[in-house]
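Asker: sequence first, then the predicted structure, then my questions.
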Amino acid sequence: MTTSVYTPLRPSLPSSQRVRDLDYHLLHWGQPAADRPLLVLLHGWMDVAASYQFLVDALPASYAAAAADWRGFGGTPVPPGTDHFVFADYLLDLDYLLEQLSPEQPVDLIGHSMGANIALQYAGLRPQRIRKLVNLEGFGLPATQPEQAPQRLIDWMDHVRKLRQGELQLRSYPDLASVARRLQKNNPRLPDDKALWLASHWAQQADDGRWHIRAHPAHKAPGSQLYHADEAAAVLRRITAPTLCITASDDSLASFWGDRYTFADYQQRMQEIPDVRHAVVQDAGHMLHHDQPAALAPLIDAFLQE
């Protein structure tokens, strides 16, 4: 692995925003302008706000953007005693964040993976707050049946007990290069310099000298509630913002769910959105904003400028 580290073209400025008794950690690029919507970036599961640096560098410098670490990721803490997470909390956190970041003006919202699922649901719940919406590989989850509920609750209880007993821990690494290699294992297209840069934000060195992922271990536990595809679809139908769904040429859904939830199922679900269009980024996987930021940025820019 090379020792050179990626140098951002547009370095971010950090800030802290009080959200529901939590000090949310944010990154900012550029100064918001009264005549242009703020671009708000939502990261995915087991990721951090800094993950968007490569995309920001590929977008025109005229964009003012902000990204937050979700609760329990990166620099955003969790309430004392946290032993599980609830999806609805992300929606309410976002509601408070946007109230502070852009109180008078709708925003342009981009989400990746889990962050895109949050963005899609929020855009249906608060349609007046979103001008345009970009979904990066936010697929949702397979539909479930009521018969799955008992086992899901059992699994959730067992995982929470393991967490509280100290049995549910995230792996640590001996050095930063090992963290970078772990990122590249998940994403073989990630070059060495970007992997090293991202590793320094994705993990931090603790007093024991090892590098620990900046995420709360409760994120590894399953949610207590099943995913209700019919309820999610009802929210999607409320979206008023023009929506661009961008996927990678690699079929991530096949590796995630096999035939339980296919790409055709996803496309059918996205058709619930009243004004939706689709685009594909070639030679990219699930982390398409890392793999091909130079190809992704023009798609987003053209859509936002329409």
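Answerer: Arrived safely.
Asker: tell me the span between the first and last residue of stretch 17-30.
Answerer: Chord length of stretch 17-30, first to last residue, is 17 Å (C-alpha to C-alpha, to the nearest Å).
Asker: ditto for stretch 28-48
Answerer: 13 Å.
Asker: average model confidence for it?
Answerer: The average pLDDT within stretch 28-48 is 94.
Asker: now that stretch, how far from the centre of its chain.
Answerer: Centroid displacement of stretch 28-48 relative to its chain, using C-alpha atoms, centre = their mean, to the nearest Å, is 12 Å.
Asker: with only the CA atoms kept, save stretch 57-75 in PDB.
Answerer: Extracted C-alpha coordinates of stretch 57-75, given in PDB (Å, rounded to 0.1, in the frame of the first residue of the first chain):
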ATOM      1  CA  ASP A  57     -14.400  17.600  -4.800                       C
ATOM      2  CA  ALA A  58     -15.900  16.400  -8.100                       C
ATOM      3  CA  LEU A  59     -18.900  18.800  -8.000                       C
ATOM      4  CA  PRO A  60     -18.600  22.400  -9.000                       C
ATOM      5  CA  ALA A  61     -17.200  24.600  -6.300                       C
ATOM      6  CA  SER A  62     -20.300  26.800  -6.300                       C
ATOM      7  CA  TYR A  63     -22.200  24.200  -4.200                       C
ATOM      8  CA  ALA A  64     -22.500  24.800  -0.500                       C
ATOM      9  CA  ALA A  65     -22.900  21.500   1.200                       C
ATOM     10  CA  ALA A  66     -23.300  20.000   4.700                       C
ATOM     11  CA  ALA A  67     -23.000  16.500   6.000                       C
ATOM     12  CA  ALA A  68     -23.600  15.100   9.500                       C
ATOM     13  CA  ASP A  69     -22.400  12.000  11.300                       C
ATOM     14  CA  TRP A  70     -25.600  10.100  12.300                       C
ATOM     15  CA  ARG A  71     -26.000   9.400  16.000                       C
ATOM     16  CA  GLY A  72     -23.500   6.700  17.100                       C
ATOM     17  CA  PHE A  73     -21.300   7.200  14.000                       C
ATOM     18  CA  GLY A  74     -18.200   9.300  13.600                       C
ATOM     19  CA  GLY A  75     -18.100  12.300  15.900                       C
END
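Asker: starting at the chain centroid, how far to it?
Answerer: That offset, for stretch 57-75, works out to 11 Å (C-alpha atoms, centre = their mean).
Asker: same deal with stretch 248-260?
Answerer: Distance, centroid of stretch 248-260 to centroid of chain: 18 Å (C-alpha atoms, centre = their mean).
Asker: in that stretch, what's buried?
Answerer: Residues of stretch 248-260 classed as buried: Ala248, Asp250, Ser252, Leu253 (neighbour count, 16 or more other C-beta atoms under 10 Å). Placement of C-beta: from N, CA and C, glycine included.
Asker: including pLDDT, distance to Asp207 and secondary structure, could the residues you listed go into CSV?
Answerer: Formatted as CSV, those follow (pLDDT from 0 to 100; distance: C-beta to C-beta, whole Å; DSSP: H, G, I helix; E, B strand; the rest coil):
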residue, pLDDT, distance to Asp207, secondary structure
Ala248, 97, 39, strand
Asp250, 96, 39, coil
Ser252, 92, 37, helix
Leu253, 93, 41, helix
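Asker: go through those and name the one nearest Ala295.
Answerer: Set against Ala295, the nearest of those by C-beta to C-beta is Ala248 (10.4 Å).
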